[in-house]
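# Sequence and predicted structure below; questions after.
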Amino acid sequence: MAGFTPQSLPHWRRAVLKVGSSLLADAGGGLADVHAAGLARFIAQSREQGREVVLVSSGAVAAGRGRINAGGDGIAMKQALAALGQAALIGFWQALSAAPVAQVLLSHDDLRNRRRYLNARAALQELLRLGALPVVNENDTVAVDELKLGDNDNLAAAVASLVDADLLLIATDIGGLYSAHPQRDPDARPIAQVDQVTPELLQAAGGGAGALGTGGMRTKLEAAGKAASAGIPSVLFCGRDPAVVAALGAGVLHGTLVAALANRRSARKQWLGHAPASGVLRIDAGAGAALLRGASLLPGGVLAVAGDFRRGDVVEVRSEDGIVLARGQAQYNAADGARIAGRHSREIETILGFRYGEALVHRDDLVLLQHPEDGKEAMA
């Protein structure tokens with residue numbers, strides 16, 4: 001299988017799968033399922049195993065070209081073709097999936113703006129909870145060159161971090177990473193594992209993409225490097241080889257594994273532990289004990305709110321006597337947090353007129369720093 005020695009996939013419960021347009025586009029225009037069908041079977045098998053998959057799929061422009069006879073590659077033309085092809089792309093995946101398919105379009109601003117980042121994350125997590133298959137793409141219809149994420153490889157890495165994925169899977173045209181271009185150099189050797197994506201490796205992997213793709217091996221390694229820095233391993237595999245794709249369902253990789261630089265929890269803990277805090281939530285002893293049990297911070301245990309923070313900002317969580325117990329991302333801004341402090345979660349919507357969730361800080365966005373009783377360092 002493409003010369004790669006089989007190895008075990010990292011353990012995962014939630015993964016992001018990126019599929020490029022070169023695996024979906026029909027040479028005559030439009031979309032073809034010759035390769036997508038096998039990938040859809042892998043998604044279905046993974047779901048049957050109790051796992052969750054978020055699909056990052058290119059192909060809207062190719063689908064648009066299949067609907068209208070138009071030439072040109074300018075940004076306006078691509079935006080128009082993407083608009084024409086989005087519905088067809090979602091319909092394409094829905095025809096291959098027994099689960100309901102949901103379209104999620106993201107732009108650069110969605111990943112830069114705190115509030116929109118959290119909104120996108122909440123929407124994706126809710127779709128997974130509902131049993132849907134989210135299909136993510138860049139919002140090409142309204143994106144402009146200087147704001148475009150640039151390619152769906154890097155978008156997939158951002159989405160993997162957004163949804164706290166355990167694994168990033170990138171389907172490629174070839175078997176994975178090689179020591180040289182396998183179609184040009186007969187001595188090219190497969191590279192089964194990459195411990196770190198270095199500038200030298202990126203330079204060696206530079207090269208043009210296929211006629212229909214926007215990202216070659218360099219962008220795939222860039223994406224894997226970004227995922228690695230977030231504590232998420234990545235795998236590169238040949239999406240054109242049915243046996244390779246089928247093996248993934250059995251937990252076997254014939255391709256390249258890019259290791260995470262740290263485990264996902266450690267990477268998130270490091271960020272939360274050092275990001276500037278914009279406010280303080282002072283909590284009672286009962287809420288502190290609940291945090292140690294792995295619970296979210298509910299408003300009922302909050303005694304006071306200090307600072308001028310926005311939704312998504314990092315806040316400190318302190319005990320009644322001022323010990324810093326934890327740090328986390330606030331689900332509500334300071335003003336709204338003060339209004340619901342000490343109240344039951346079921347009252348949030350009545351008080352505010354809306355509800356982002358039942359917690360002021362969700363347990364997935366919180367890292368414990370101290371034991372509230374004896375001051376010793378705690379592990380989240």
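All right, it came through fine.

# Now for A180, how many residues are close by?
Neighbourhood size, A180 [other C-beta atoms under 10 Å]: 12. Placement of C-beta: from N, CA and C, glycine included.

# Please, where are all the helices along the stretch 51-200 of the chain?
Counting by DSSP state H, counting those that start in this stretch, the stretch 51-200 of the chain has these helices, from start to end: 60-65, 75-95, 108-112, 114-129, 152-162, 199-204.

# Can you say which of those helices is nearest to A230?
When the helices of the stretch 51-200 of the chain are ranked by distance to A230, counting by C-beta to C-beta, first place goes to helix 152-162 at 4.4 Å.

# what's the model's confidence in that closest one, averaged?
Model confidence over helix 152-162 averages 90 on the pLDDT scale.

# which other residues reach that helix?
With C-beta atoms under 8 Å, 6 or more residues apart in numbering as the contact definition, helix 152-162 has outside contacts at 16-18, 20, 54, 56-58, 106, 111, 117, 120-121, 124, 136-138, 149, 165, 167-168, 170, 214-215, 219-220, 222-224, 226-227, 230, 232, 234.

# Buried residues, it. List them.
Of all the residues in helix 152-162, those buried under the rule 16 or more other C-beta atoms under 10 Å are 152-162.

# likewise stretch 115-129?
Judged by neighbour count (16+ other C-beta under 10 Å), stretch 115-129 contains these buried residues: 117-118, 120-121, 124-125, 127-128.

# Nearest to L31 among these?
Each of the buried residues of stretch 115-129 was scored against L31 by C-beta to C-beta, and L127 proved nearest at 22.4 Å.

# With only the CA atoms kept, save stretch 189-197 in CSV.
Output in CSV follows, covering the C-alpha atoms of stretch 189-197 (Å, rounded to 0.1, in the frame of the first residue of the first chain):
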residue,chain,number,x,y,z
ARG,A,189,11.4,6.8,0.3
PRO,A,190,8.2,6.9,2.3
ILE,A,191,8.4,8.7,5.7
ALA,A,192,6.2,6.9,8.1
GLN,A,193,6.5,9.3,11.0
VAL,A,194,7.5,13.0,11.6
ASP,A,195,8.4,14.0,15.1
GLN,A,196,8.4,17.8,14.3
VAL,A,197,7.5,19.9,11.3
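
# Figure out which of the helices of the stretch 51-200 of the chain is closest to S179.
Ranking the helices of the stretch 51-200 of the chain by proximity to S179 (C-beta to C-beta) places helix 199-204 first, at 8.4 Å.

# and that closest one, average pLDDT?
Mean pLDDT, computed over helix 199-204, is 81.

# name the helices or strands packed onto that helix?
helix 217-229 (3 or more C-beta pairs under 8 Å, 6 or more residues apart in numbering; DSSP states H and E).

# Let me know the angle separating whichever helix or strand comes after the helix it packs on from helix 217-229.
Downstream of helix 217-229, the next assigned helix or strand under DSSP states H and E is strand 234-238. Calculated by axes from the mean of the first three to the mean of the last three C-alpha atoms, to 10 degrees, strand 234-238 forms an angle of 150 degrees with helix 217-229.

# ok, strand 234-238: who's next to it in the sheet?
Here the strand partners of strand 234-238, with direction, are listed using DSSP bridges: strand 167-172 (parallel), strand 255-258 (antiparallel).

# hang on, A223 packs against L236?
No - A223 sits out of contact with L236 when judged by C-beta atoms under 8 Å, with a separation of 9.7 Å.

# Name the residues contacting each of these two.
Listed contacts common to A223 and L236 are I170; contacts here mean C-beta under 8 Å, 6+ apart.

# Count residues in the vicinity of R282, would you?
The local packing of R282 (other C-beta under 10 Å) involves 20 other residues.

# Now do the phi/psi pair for it.
Dihedral angles of R282 (phi, psi; degrees, to the nearest 10) stand at phi -100, psi 130.

# Let me know the pLDDT of the nearest residue to it once chain neighbours are set aside.
Setting aside the residues directly before and after it, R282 is nearest to A304 in space (C-beta to C-beta, 6 or more residues apart in numbering), at 4.4 Å. Per-residue pLDDT puts A304 at 97.

# Over to the one 4 residues further on?
Turning to D308, the model gives it a pLDDT of 94.

# related to what we said a few turns ago, show me what contacts the residue nearest to R282?
When the contact criterion is C-beta under 8 Å, 6+ apart, the partners of A304 are 280-282, 341.

# try 10 Å
Contacts for A304 were tallied using C-beta atoms under 10 Å, 6 or more residues apart in numbering; they are 280-283, 318, 320, 337-338, 341-342.

# Ok, which of the helices of the stretch 51-200 of the chain comes nearest D26?
Ranking the helices of the stretch 51-200 of the chain by distance to D26, with C-beta to C-beta as the measure, places helix 60-65 first at 7.7 Å.

# Would you mind writing the CA trace of the closest one as PDB?
Extracted in PDB, the C-alpha atoms of helix 60-65 (Å, rounded to 0.1, in the frame of the first residue of the first chain):
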ATOM      1  CA  ALA A  60     -17.700  23.900  -4.000                       C
ATOM      2  CA  VAL A  61     -15.900  25.600  -6.900                       C
ATOM      3  CA  ALA A  62     -15.700  22.300  -8.800                       C
ATOM      4  CA  ALA A  63     -19.300  21.700  -8.100                       C
ATOM      5  CA  GLY A  64     -20.200  25.200  -9.400                       C
ATOM      6  CA  ARG A  65     -18.200  24.600 -12.600                       C
END
